[in-house]
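Student: Sharing a model that was predicted from the sequence below.
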Amino acid sequence: MDTNKTPLQYARTESGRVDTEAYVGLDGVIKANSLEVNVKITGARIRYGHLDLQVTPKDGAGAVWIERKNISIPKDPVAHFHSTKVATSYGNAAEASGFSSDVKQMIRKMIQEQTATVSN
């Protein structure tokens, strides 16, 4: 067993629960021996503390549930989740990579309003 392996992280909602909906509709790759199968994720569930994803092949038919650790997801929502930090208190810089410009403007406005309230 490889003890140096980083534990798998899951996308989470604001309340901290695993965000199963964040995975539905994404593309993935399942590797078995020297075979790679491109799949589309069609469902997600938590089972015994693990995230299972229902996948269907892009070419072919059928569906199967597979544990998250056994599928490669190029656009993993965990990476997006960790790159979208938003300022939560006075003086923090807003980092909003991946957000649209109107969301960035909204964040700036909130920070300005918070700063004005603290100054008064």
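Tutor: On my side now, so go ahead. Numbering: from 1, shown residues only.

Student: what ranges do the strands span in the protein?
Tutor: Taking DSSP state E as the criterion, the chain carries its strands at 27-32, 35-47, 50-57, 64-67.

Student: Tell me which of these sits nearest to residue 16.
Tutor: Taking CB to CB, strand 35-47 is the member of the strands of the chain nearest to residue 16, at 13.1 Å. C-betas here are computed from N, CA, C, even on glycine.

Student: partners of the closest one in the sheet?
Tutor: strand 27-32 (antiparallel), strand 50-57 (antiparallel) (DSSP bridges).

Student: Include mean neighbour count, mean pLDDT and distance to residue 75 when you put the ones you listed into JSON lines, please.
Tutor: As requested, those are exported to JSON lines (neighbours: other CB atoms under 10 Å; pLDDT from 0 to 100; distance: least, CB to CB, whole Å):
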{"stretch": "strand 27-32", "mean neighbour count": "14", "mean pLDDT": "92", "distance to residue 75": "7"}
{"stretch": "strand 50-57", "mean neighbour count": "18", "mean pLDDT": "93", "distance to residue 75": "14"}
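
Student: quick revisit: turn the strands of the chain into TSV, including distance to residue 19.
Tutor: Conversion of these to TSV gives the following (distance: least, CB to CB, whole Å):
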stretch	distance to residue 19
strand 27-32	16
strand 35-47	9
strand 50-57	10
strand 64-67	17
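
Student: Could you point out which of these sits nearest residue 10?
Tutor: Distance to residue 10, taken as CB to CB, is lowest for strand 50-57 among these, at 5.4 Å.

Student: got a list of contacts for that closest one?
Tutor: Contacts of strand 50-57 with the rest of the structure, by CB atoms under 8 Å, 6 or more residues apart in numbering, involve 10, 18, 20, 23, 28, 30, 37-46, 62-69, 71.
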